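Participant: I need the structure of the sequence given here:
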Amino acid sequence: MAEFIKGLELCEKFFNECAKPVIDKYFPDLQYSAGLIGYGSDVLGYDDKVSRDHMWGPRFYLFLSGKDIDKKDEIFNKFAENLPYTYKGYSVNFTEPDPNDNGVQHPKLLNKGKVNPLIFIQTFDKFLIDEIGTSDLDNIAPLDWLAFSEHRLLSFVSGKLFADKLNIKNQTDKIKFYPDTVKLYLIASQWNIIASEQAFVKRCGKVGDEIGSQIICARIAERLMRLCFLYQDTYAPYSKWFGTAFSKLDIDEKLKAKINAALKANDLTERENNLVEAQALVAELHNASGLTDKVDYDIESYFGRDIKVIFADKFVDAAIEKLKGTGFENIPLIGTMSQFGGLSDFADEKVYYEQIKRIYGV
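Facilitator: Alright, predicted model coming up:
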């Protein structure tokens, strides 16, 4: 097996050393953009040796203008005829898409004939429509933002463009992160979900329901982590990479440690203390964001009981006040389908976007 190299680095070198010379030779006047965005752990930089078994290797997207898209087959054929069989020890040839496995392609070594490279050629508008159902990034409605897969949005603004003669980055910059009203709605939703269970970690533990306490602790911890992504203007990936991405998030390491300690704690008091202290640290992120008026809070008793809270409801109320008069004023505070682990088969597929929008009841 070839020495492992991160996919993004491999693909950029493959484009510059192998594919670009083909374009320059046969299509010298072609206006295009090329890069690695969209699908794949390599786009996010999370790929490892295990990633190499499918849809990984020397690859890239080639985006053409509408007037040049009719050259797609000719360009692909020139790649097939002129690209090497391997690059840095990795097969440039791939199997045909497997109709029984969502079109997945696998590397397949070849030593004669044309290669079938993992190069996708299309217009950027078509790519957008395939990924999120629209190419009109100047007119995204509030409910469209809620229906979009967060992981897919992340995939647009991650990776790298190796060439950008079509100025695609100007397009992707329009969806670099949620607009403030959308972000505030999502923030309100996370705090609301926390508020609904904020007293239950201790309450469950006190009646001997250790599993219940642990589960609720984990749910609140995930909401706190999602809030961190929102306050840092960073899309969160789906569950496979969620913890990895959080570990790299530019926030106070003390906050990460508190969440980790809460999740690991076998002692109920230790679990509660770490979790409520983590909430207080996220509350500081909220106040630093300036998205609402400052929220005064303290770690205190839950209505006189031996339960510690910061009353997460206060942050919900502050956000709701700012959402008055917006398209989110009367939408239930449930966040997006992308923010619930295990729903990626539903949340990531644009065919369900209209159904998802109807969930919000407006």
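Participant: least trustworthy helix or strand in the chain by mean pLDDT?
Facilitator: helix 344-347 (a mean of 81; mean pLDDT, DSSP states H and E).
Participant: Alpha carbons of that one, as PDB, please.
Facilitator: The C-alpha trace of helix 344-347 is given here as PDB (Å, rounded to 0.1, in the frame of the first residue of the first chain):
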ATOM      1  CA  SER A 344     -28.500  12.200   8.300                       C
ATOM      2  CA  ASP A 345     -30.300   9.900   5.800                       C
ATOM      3  CA  PHE A 346     -33.300  12.300   6.100                       C
ATOM      4  CA  ALA A 347     -31.600  15.700   6.900                       C
END
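Participant: If you count neighbours, what's buried in that helix?
Facilitator: 344, 347 (16 or more other CB atoms under 10 Å). The way it works is simple: take the backbone N, C-alpha and C, and place the C-beta from them, glycine included.
Participant: residues near Asp130, how many?
Facilitator: Neighbour count of Asp130, defined by other CB atoms under 10 Å: 13.
Participant: May I ask which helix or strand encompasses it?
Facilitator: For Asp130, the host element (DSSP states H and E) is helix 124-132.
Participant: how far is that helix from where the chain is centred?
Facilitator: From the chain centre to the centre of helix 124-132 is a distance of 17 Å (CA atoms, centre = their mean, to the nearest Å).
Participant: What helices and strands are in contact with it?
Facilitator: The helices and strands touching helix 124-132, judged by 3 or more CB pairs under 8 Å, 6 or more residues apart in numbering; DSSP states H and E, are strand 59-64, helix 150-157, helix 168-172.
Participant: returning to what we had before: and the next element down the chain from the least confident helix or strand of the chain?
Facilitator: Helix 344-347 is succeeded, C-terminally, by helix 353-359 (DSSP H and E).
Participant: Any idea how far that following helix is from the middle of the chain?
Facilitator: 20 Å.
Participant: Now it: buried residues?
Facilitator: Using 16+ other CB under 10 Å as the test for burial, helix 353-359 gives 353, 356-357.
Participant: Dump these into JSON lines; add distance to Pro84 as well.
Facilitator: As requested, the buried residues of helix 353-359 are exported to JSON lines (distance: CB to CB, whole Å):
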{"residue": "Tyr353", "distance to Pro84": "41"}
{"residue": "Ile356", "distance to Pro84": "44"}
{"residue": "Lys357", "distance to Pro84": "47"}
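Participant: Now render the residues you listed as a markdown table, adding distance to Asn100 and pLDDT.
Facilitator: As requested, these are exported to a markdown table (distance: CB to CB, whole Å; pLDDT from 0 to 100):
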| residue | distance to Asn100 | pLDDT |
| --- | --- | --- |
| Tyr353 | 25 | 87 |
| Ile356 | 27 | 87 |
| Lys357 | 31 | 87 |
